[in-house]
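Visitor: need coordinates for the following:
(chains A and B)
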Amino acid sequence: AQKITQTQPGMFVQEKEAVTLDCTYDTSDPSYGLFWYKQPSSGEMIFLIYQGSYDQQNATEGRYSLNFQKARKSANLVISASQLGDSAMYFCAMREDSNYQLIWGAGTKLIIKP
Amino acid sequence: DSGVTQTPKHLITATGQRVTLRCSPRSGDLSVYWYQQSLDQGLQFLIQYYNGEERAKGNILERFSAQQFPDLHSELNLSSLELGDSALYFCASSVSHGQGHRGEQYFGPGTRLTVT
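Guide: Residues are numbered from 1 along each chain as shown, chains lettered A, B, ... in the order given. Predicted structure coming up:
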């Protein structure tokens, strides 16, 4: 069974609009972490944001925020005021404390239109 | 700049050959991970080392092997190369692999391997 699901293979968004990238996960481990990474066309993988399963507040990092809904097992990435440079692949990943590997989603390709 | 370095950046070789990819983790990071990313694919976890010892194996072929040296740099060896091995190979590092750490991995720029 898929542990990390990113249901949007691709998205087009107008520049300056906010965008939400979906991520749902499946785990029975009570302690886990959720991550988002960005991969621009240049290829590098860039760590964006982290949310711990016991964190009371949603994580924020600049224009990035994580909409964490634990009961629904979702960890959506919200990018506010999108910019052309936000065009990239975005990957959601999960780390279970019982197994310290990162489990990766298939990614969402985001294209920001001018 | 993540602080993780990988060499070479590009590698073109023929089928049947053997190559070595090198990775230096961020200063202070003890864990090194290797990933393969084929064209338009997600990340496939290959193997993890922690402080010189193998910690976890993913979808790593028997033709592939890796090691982590006492200075914590790591090498991924790919042998009897096939066309299908053409991919972007990433190295990532993290502080630790145990509880109490967030576990985020910082990625190197990758080595793009082309097998012809």
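Visitor: contacts and neighbour counts: CA atoms only from here.
Guide: Will do.
Visitor: quick check: closest non-adjacent residue to A:A106.
Guide: Spatial nearest neighbour of A:A106, excluding adjacent residues (CA to CA, 6 or more residues apart in numbering or on different chains): B:G42 at 5.2 Å.
Visitor: contacting residues around the one you found?
Guide: Residues in contact with B:G42, defined by CA atoms under 8 Å, 6 or more residues apart in numbering or on different chains, are A:104-107.
Visitor: list the contacts for residue 92?
Guide: I went with chain A, as the question did not name one. Contacts for A:C92 were tallied using CA under 8 Å, 6+ apart; they are A:4, A:6, A:23, A:34-37, A:104-105, A:107.
Visitor: the intended chain is chain B.
Guide: Listed by CA under 8 Å, 6+ apart, the contact set of B:A92 reads B:4, B:25, B:32-34, B:105-108.
Visitor: rerun at 6 Å
Guide: With contact set as CA atoms under 6 Å, 6 or more residues apart in numbering or on different chains, B:A92 has these partners: B:32-33, B:105-108.
Visitor: partners of B:Y89 in the sheet?
Guide: For B:Y89, the beta-bridge partners are B:Q36, B:T111 (DSSP bridges).
Visitor: what is the burial count for it?
Guide: Neighbours of B:Y89 under the rule other CA atoms under 10 Å in any protein chain shown: 24.
Visitor: pLDDT score for it?
Guide: Per-residue confidence for B:Y89 comes out at a pLDDT of 97.
Visitor: go on, B:A14?
Guide: Reported pLDDT for B:A14: 97.
Visitor: tell me what B:Q67 is bridged to.
Guide: Beta-bridge pairing for B:Q67 (DSSP bridges): B:E75.
Visitor: distance check, it against chain A.
Guide: Counting by CA to the nearest CA, to the nearest Å, the gap from B:Q67 to chain A is 18 Å.
Visitor: quick check, A:M45 in contact with A:Q39.
Guide: Yes - applying CA atoms under 6 Å, one finds A:M45 in contact with A:Q39, separated by 4.7 Å.
Visitor: the more surrounded of the two?
Guide: When A:M45 and A:Q39 are compared for neighbours, A:M45 comes out ahead with 22 against 18, by other CA under 10 Å.
Visitor: so who does that one touch?
Guide: Residues in contact with A:M45, defined by CA under 6 Å, 6+ apart, are A:38-39, B:107.
Visitor: mind checking which of the residues you listed are in strands?
Guide: Judged by DSSP state E, the contacts of A:M45 include A:38-39, B:107 as members of strands.
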